[in-house]
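Visitor: pasting a predicted model and its sequence here:
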Amino acid sequence: MDQIRIRGGNPLHGTIQIGGAKNAALPLMAACLLSDEPLVLSNLPHLADIATMTNLLSELGVNVAMNGSAPGGHAGRTFKLDAAKTTDTIAPYDLVRKMRASVLVLGPLLARQGRARVSLPGGCAIGTRPVDLHLKALEQLGAEIELAEGYIDARAEAGLTGGHIVFPTVTVGGTENILMAATLARGDTVIGNAAREPEIGDLAKCLCAMGAEIDGIGSDTLRVRGVERLHGAGHAVLPDRIETGTYAVAAAITGGEVLLKGARTDLIEAVIDVLGQVGVRFDDGPDGLRVSRTNGGLTGVDLMTEPYPGFPTDMQAQFMALMTVANGASMITETIFENRFMHVPELHRMGADINVQGRSAIVRGNQKLSGAPVMATDLRASVSLVLAGLAAQGETLVNRVYHLDRGYERLEEKLSACGADIERVRS
Ligand code: UD1
């Protein structure tokens, strides 16, 4: 298994290109199942999760033509996804267990094919993460659902019908699954307490380009008027706000200055607000978003993760790494996932002073981090260890790098181009 070796202490200086958002790309790819005409998606990131979704769609009979890639696949890529001849409605365990977002094929398959058999995703490192809310909402649209042998068996032979759904908890994937399903349901669907993450707005815009009728995009109430069929369309994936925030922390934690090309500040207002209080400076200009540390150094700030437009849970681990070297203490409260402090024991090994009490972690800052061998446990936890390694004295060796490859494209290349001493050790 590959490892990432970092020798910390170099301030980052340079330019980093922000790629297309993984969490927008995955539901957008699943949306191709809603039409018998091709969906052309551009600005797709080059990531392991995108490959997993490509494999899943191929198993379902979708023809995936890849083009538009620069040599080495380094530019945002373009896929033409043609689901004219889908041959299967089964998402097998082997693919779903690799990536929970595979469950996003459930709504589209059910809506267009009238049936779907999707493996239950099961737990993952950051919590139990059930899909009960997806299933309840699909039942409200008339689906018959049975759980057997580890699979979700869903049927709507006569098609789905519109309904009024109010999610008891904000769920990103649940909102996406129901939004896609509702586009082909008979009649109107209202989705209340919908997640407002920008990736959902991106999906909704693409669905509209395919002929769907959706009102309330960007709000917590989505109104969908079902149509008979969707047609082909082209759509460019929006920039990755979590990649943007991660590299902003990289600049801050090393005391450097980076220009993030293609970043959109309107997608990360909460992150900019909190990092601004910490002492990170953001200058948005025509050539990109410039991020640096203000002269006053870094100050500990309390933080609570929340659904969008609040501070994203996917930035919590990176923020914690930053707080370990800030002046003063910080209380970080995780409200979205119950077990999302897996990075804490690894950060301890690097000299961090963090005390977890239930859903909150108290970080006592001002620590001199030192390099250590550490273990990646999930995607965002892994990148927090890389960030800590960039600031630490000595060598950090991050194991289980496959977690990073799920969501960060050419991480080590992007960082080393800015002066970080970082390399992938292949094995
Ligand atoms: C998505 C993102 C993930 C991000 C998360 C929260 C993708 C591919 N992944 O994950 O990166 O961390 O949003 O912003 O976009 N829940 C239930 N029952 C359900 C569904 C969810 O109890 O049926 C709970 C979850 O366990 C969790 C909370 O609701 O505690 C939010 O989960 P959700 O928003 O659904 O996350 P994902 O869509 O899985």
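Guide: All right, it came through fine. Numbers count the residues shown, from 1 in each chain.

Visitor: so which bits of stretch 348-357 are buried?
Guide: The neighbour-count criterion (16 or more other Cβ atoms under 10 Å) identifies Arg349, Met350, Gly351, Ala352, Ile354 as the buried residues of stretch 348-357. C-beta: built from backbone N, CA, C; applies to glycine.

Visitor: looking at these, which is nearest the ligand?
Guide: Closest approach to the ligand among the buried residues of stretch 348-357 (Cβ to the nearest ligand atom): Ile354, at 20.4 Å.

Visitor: the stretch 1-150 of the chain: helices as residue ranges?
Guide: Here the stretch 1-150 of the chain has its helices, by DSSP state H, counting those that start in this stretch, at 22-30, 48-59, 93-96, 106-113, 132-140.

Visitor: is it possible to get a markdown table of the ones you listed that adds mean pLDDT and mean neighbour count?
Guide: A markdown table is the format used below for the helices of the stretch 1-150 of the chain (pLDDT from 0 to 100; neighbours: other Cβ atoms under 10 Å):
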| stretch | mean pLDDT | mean neighbour count |
| --- | --- | --- |
| helix 22-30 | 98 | 28 |
| helix 48-59 | 95 | 20 |
| helix 93-96 | 92 | 17 |
| helix 106-113 | 98 | 27 |
| helix 132-140 | 96 | 20 |
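
Visitor: next to the ligand, which bits of the stretch 101-250 of the chain? Give me the list.
Guide: When proximity is defined as Cβ under 6 Å from any ligand atom, the stretch 101-250 of the chain approaches the ligand at 101, 127, 129-134, 169, 171-174, 195.

Visitor: how about these, which pair is most distant?
Guide: Using Cβ to Cβ, the pair of these lying farthest apart is Ala101 and Thr169, separated by 17.8 Å.

Visitor: quick one on the thing from earlier: are any of the residues of the stretch 101-250 of the chain next to the ligand buried, and which?
Guide: Ala101, Arg129, Val131, Leu133, His134, Thr171, Val172, Gly173, Gly174, Ala195.

Visitor: sorry, back to before: tabulate the helices of the stretch 1-150 of the chain (a markdown table), appending distance to Thr87.
Guide: A markdown table is the format used below for those (distance: least, Cβ to Cβ, whole Å):
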| stretch | distance to Thr87 |
| --- | --- |
| helix 22-30 | 17 |
| helix 48-59 | 9 |
| helix 93-96 | 16 |
| helix 106-113 | 10 |
| helix 132-140 | 23 |
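
Visitor: for Ala204, which of the ones you listed is the nearest?
Guide: helix 22-30 (10.1 Å).

Visitor: and the gap between Asn55 and the ligand?
Guide: Asn55 sits 16 Å away from the ligand, going by Cβ to the nearest ligand atom, to the nearest Å.

Visitor: list the residues that contact that residue.
Guide: Leu95 (Cβ atoms under 8 Å, 6 or more residues apart in numbering).

Visitor: quick one: secondary structure of the residue of the chain most remote from its centre?
Guide: Going by Cα atoms, centre = their mean, the residue of the chain most distant from its centre is Ala158, 34.0 Å out. Three-state call for Ala158 (DSSP: H, G, I helix; E, B strand; the rest coil): coil.

Visitor: equivalent analysis for Asn295, please.
Guide: Applying three-state DSSP to Asn295 yields a three-state assignment of coil.

Visitor: what's it sitting at in phi/psi?
Guide: The phi/psi pair for Asn295 (degrees, to the nearest 10) reads phi -60, psi -20.

Visitor: state the pLDDT value of it.
Guide: At Asn295, the model reports a pLDDT of 83.

Visitor: try Gly73
Guide: 47.

Visitor: go on, Arg77?
Guide: 89.

Visitor: and it, how many neighbours?
Guide: The number of residues packed near Arg77 is 22, by other Cβ atoms under 10 Å.

Visitor: that one pairs with what?
Guide: Judged by DSSP bridges, the bridge partners of Arg77 are Leu44.

Visitor: in this structure it contacts Leu44, no?
Guide: Yes: at 4.7 Å, Arg77 counts as touching Leu44 under the criterion of Cβ atoms under 8 Å.

Visitor: give me the pLDDT for whatever residue of the stretch 151-300 of the chain ends up closest to the ligand.
Guide: Closest to the ligand within the stretch 151-300 of the chain is Gly173: 2.8 Å, counting by Cβ to the nearest ligand atom. Looking at Gly173, its pLDDT stands at 97.

Visitor: show me what secondary structure element comes after the host helix or strand of it.
Guide: Here Gly173 is covered by helix 172-183, with elements defined by DSSP states H and E. For helix 172-183, the following helix or strand on the C-terminal side (DSSP H and E) is strand 188-192.

Visitor: strands - which of the buried residues of stretch 348-357 land there?
Guide: In this view, the buried residues of stretch 348-357 that belong to strands under DSSP state E are Ile354.

Visitor: among the buried residues of stretch 348-357, which are in helices?
Guide: Arg349 (DSSP state H).

Visitor: make CSV out of the buried residues of stretch 348-357 and add pLDDT and distance to the ligand.
Guide: Output for the buried residues of stretch 348-357, formatted as CSV (pLDDT from 0 to 100; distance: Cβ to the nearest ligand atom, whole Å):
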residue, pLDDT, distance to the ligand
Arg349, 96, 24
Met350, 97, 24
Gly351, 96, 27
Ala352, 97, 22
Ile354, 97, 20
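
Visitor: which one among the buried residues of stretch 348-357 gets closest to Leu303?
Guide: Ranked by distance to Leu303 (Cβ to Cβ), the buried residues of stretch 348-357 are led by Ile354 at 13.3 Å.

Visitor: in contact with Leu147, which residues?
Guide: Leu120, Asp153.

Visitor: quick check: it vs the ligand, distance?
Guide: Plainly put, Leu147 is 13 Å away from the ligand if you go by Cβ to the nearest ligand atom.

Visitor: how about the strands in the stretch 101-250 of the chain?
Guide: Assigned by DSSP state E, counting those that start in this stretch, the strands in the stretch 101-250 of the chain fall at 115-119, 144-148, 151-155, 164-166, 188-192, 213-215, 222-225, 233-236.
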